[in-house]
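Visitor: Sequence plus predicted model, see below.
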Amino acid sequence: MTMIKIDQYFDPASWQKFTQAAEGRETPFLVVDLSRIKSKYNEMVGLFPEAKIHYAMKASPAVEVINLLADLGSNFDCASIYELDRVLNCAVDANRISYGNTIKKAQHVKYAYERGVRLYATDSEADLKNIATYAPGSNVFVRILVEGSDTAEWPLSRKFGCDPAMATDLLIQARDLGLVPYGVSFHVGSQQKSVAVWNDALMTVKNIFEQLLNEQGIKLQMINLGGGFPARYLSQVNPIKEYAEAVKQYLVDSYGVDDMPEIILEPGRSLAASSGVLVSEVVLISRKSHDDTTRWVYTDVGLFQGLIETLGEAIKYPVYTAKMETSTNAGRVVLAGPTCDSADIMYEETDYQLPEELEIGDKIFWLATGAYTNSYSSIEFNGFPPLEVVYVD
């Protein structure tokens with residue numbers, strides 16, 4: 001793998017904002033440019049003007065991000081009552097919030113309902129009954145299992161969702177329990193590269209819509225497309241415009257313009273990833289034997305300070321150091337974090353190349369780290385503090 005150049009990811013003015021924010025600070029820390037989140041949000045609104053955007057808070061739950069998106073008109077997808085409280089404390093009305101986690105305590109359903117939330121995800125009978133008991137009359141949507149793990153860089157397991165036949169039964173049961181069977185949701189896998197996967201999932205959703213209407217007289221009102229829209233990491237991805245055009249065409253062909261259901265999107269990574277640059281420092285450089293050509297480069301940031309998505313080397317962040325601009329001599333490295341956990345290795349199998357001139361104390365910049373970094377940062381494992389975040393706009 002050849003070394004990257006910074007102009008592959010940023011124009012000079014944009015990169016200068018990050019470097020200026022990084023001056024004089026002790027590493028590691030994350031710099032987030034809020035203007036880039038705003039730009040991505042506006043792009044998505046332009047591509048899906050009829051859809052409601054429910055920002056997936058888990059990607060980056062900072063108050064600064066919530067306030068920005070709330071002012072832009074975004075809705076919010078919360079995975080817990082703790083995320084819910086954070087959004088409500090930012091003066092966001094509860095009718096702009098969905099409780100999108102299918103795994104939740106009964107008392108948490110009650111808590112959300114008492115604070116005004118009326119839209120809930122589910123995928124099981126037990127959870128559905130809790131919603132009926134503690135959030136009576138609410139709108140529910142059932143999450144279905146879909147394919148897509150083969151083409152997603154961060155595939156989802158079978159933890160969430162249910163078989164379409166079970167989803168159909170749950171929506172019937174929702175009606176019988178006094179809830180509103182509102183719609184169907186799915187998630188094709190995070191960092192999804194295949195445009196076709198959405199169409200396959202939407203075909204399944206269409207069958208559920210038709211079966212419930214024809215056999216039960218239940219007219220579902222909403223399709224939640226989830227997230228999965230990719231961000232640019234080490235490799236190029238399809239422009240989001242391609243996904244939008246394919247999805248919108250399928251919806252028009254299937255439902256027509258006049259009978260189009262409400263569409264919800266839950267972007268997280270695609271909005272926030274490009275806004276962040278994680279700044280770290282080289283702590284140590286070593287080799288494992290006298291004749292080993294591979295250097296081990298240990299940095300002061302690792303899996304437990306925000307780089308958990310390098311687990312299994314799934315997400316391949318662009319890694320940059322200023323010496324890449326002038327170096328003509330690069331060598332393969334293993335990139336590892338500072339903790340005593342032997343699993344704290346970001347990249348060993350992937351062929352990352354860094355300049356041979358790299359020295360202890362040099363800064364290493366992890367690009368496209370605005371999503372799923374600070375939200376995953378651990379609390380004092382080995383005594384290391386959570387990842388500091390600096391916001392610019």
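Guide: Arrived safely. Since this is a predicted model, take the numbers as computed values, not measurements.
Visitor: ok so Leu311 is a helix residue?
Guide: Yes. Assessed with DSSP: H, G, I helix; E, B strand; the rest coil, Leu311 lies in a helix.
Visitor: I'd guessed it sits against Leu303; true?
Guide: Yes. Assessed by CB atoms under 8 Å, Leu311 is found in contact with Leu303 at 6.4 Å. For every residue, glycine as well, the C-beta is placed using N, CA and C.
Visitor: between these two, which one's more packed in?
Guide: Shown here are Leu311 and Leu303; by other CB atoms under 10 Å, Leu303 has more neighbours (21 against 14).
Visitor: In contact with the residue lying closest to the more buried one once chain neighbours are set aside, which residues are there?
Guide: The spatially closest residue to Leu303, leaving aside those adjacent along the chain, is Asp344, at 5.1 Å (CB to CB, 6 or more residues apart in numbering). Applying CB atoms under 8 Å, 6 or more residues apart in numbering, we find Asp344 in contact with 302-304, 336-338.
Visitor: redo that, cut-off 7 Å
Guide: With contacts defined as CB atoms under 7 Å, 6 or more residues apart in numbering, the neighbours of Asp344 are 302-304, 336-337.
Visitor: what's downstream of the helix or strand where Leu84 lies, the next helix or strand?
Guide: In the assignment (DSSP states H and E), Leu84 maps to helix 81-88. Sequence order places strand 97-99 as the next helix or strand after helix 81-88, per DSSP H and E.
Visitor: So for the helix or strand following that next one, what gets flagged as buried?
Guide: Scanning forward in sequence from strand 97-99 by DSSP H and E, the next helix or strand is helix 106-114. Going by neighbour count (16 or more other CB atoms under 10 Å), the buried part of helix 106-114 is 108-113.
Visitor: Pull the distance from helix 106-114 to the chain's centre.
Guide: Mean C-alpha position of helix 106-114 versus that of the full chain (CA atoms, centre = their mean, to the nearest Å) differs by 25 Å.
Visitor: Compute the distance between the residue located most distally from the centre of the chain and Ala371, please.
Guide: Here the centre of the chain is the reference, and by CA atoms, centre = their mean the most remote residue is His290, at 42.1 Å. His290 sits 41 Å away from Ala371, going by CB to CB, to the nearest Å.
Visitor: returning to that earlier point: can I get the buried residues of helix 106-114 in a markdown table including pLDDT and distance to Phe48?
Guide: Formatted as a markdown table, these follow (pLDDT from 0 to 100; distance: CB to CB, whole Å):
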| residue | pLDDT | distance to Phe48 |
| --- | --- | --- |
| His108 | 99 | 30 |
| Val109 | 99 | 29 |
| Lys110 | 99 | 33 |
| Tyr111 | 99 | 31 |
| Ala112 | 99 | 26 |
| Tyr113 | 99 | 29 |
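Visitor: out of these, who's nearest Ser375?
Guide: Set against Ser375, the nearest of the buried residues of helix 106-114 by CB to CB is His108 (19.0 Å).
Visitor: dump the residue contacts of that closest one.
Guide: Contact partners of His108, counting by CB under 7 Å, 6+ apart, are Ile81.
Visitor: how does it look with 10 Å?
Guide: Neighbouring residues of His108 by CB atoms under 10 Å, 6 or more residues apart in numbering: 80-82, 84, 99, 101, 130, 134.
Visitor: any common contacting residues for Leu311 and Leu303?
Guide: The contact lists of Leu311 and Leu303 share 343, 345-346, 376, where a contact means CB under 10 Å, 6+ apart.
Visitor: So among these, which ones count as buried?
Guide: 345-346, 376.
Visitor: For Lys316, state which of the residues you listed is nearest.
Guide: Distances from Lys316 to those, taken by CB to CB, are shortest for Met346, at 9.5 Å.
Visitor: The nearest residue in space to that closest one that is not next to it in sequence: how many residues sit nearby?
Guide: Distance criterion CB to CB, 6+ apart; nearest residue to Met346, sequence neighbours excluded, is Thr310 at 4.1 Å. Neighbourhood size, Thr310 [other CB under 10 Å]: 21.
Visitor: Quick check: Thr310 vs Tyr347, distance?
Guide: With CB to CB as the criterion, Thr310 and Tyr347 are 6 Å apart.
Visitor: Kindly report the same for Val257.
Guide: Relative to Tyr347, and taking CB to CB, Val257 is found at 47 Å.
Visitor: who's more crowded, the two?
Guide: The neighbour comparison of Val257 against Tyr347 (other CB under 10 Å) goes to Tyr347, with 18 against 8.
Visitor: beta partners for the more buried one?
Guide: Leu335 (DSSP bridges).
Visitor: hang on, the earlier thing: JSON lines for the buried residues of helix 106-114, including distance to Leu387?
Guide: Listed next are those as JSON lines, based on distance: CB to CB, whole Å:
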{"residue": "His108", "distance to Leu387": "27"}
{"residue": "Val109", "distance to Leu387": "31"}
{"residue": "Lys110", "distance to Leu387": "33"}
{"residue": "Tyr111", "distance to Leu387": "29"}
{"residue": "Ala112", "distance to Leu387": "28"}
{"residue": "Tyr113", "distance to Leu387": "34"}
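Visitor: How about the secondary structure of the residue farthest from the centre of the chain?
Guide: coil.
Visitor: mind checking the backbone torsions on it?
Guide: phi -60, psi -30 (degrees, to the nearest 10).
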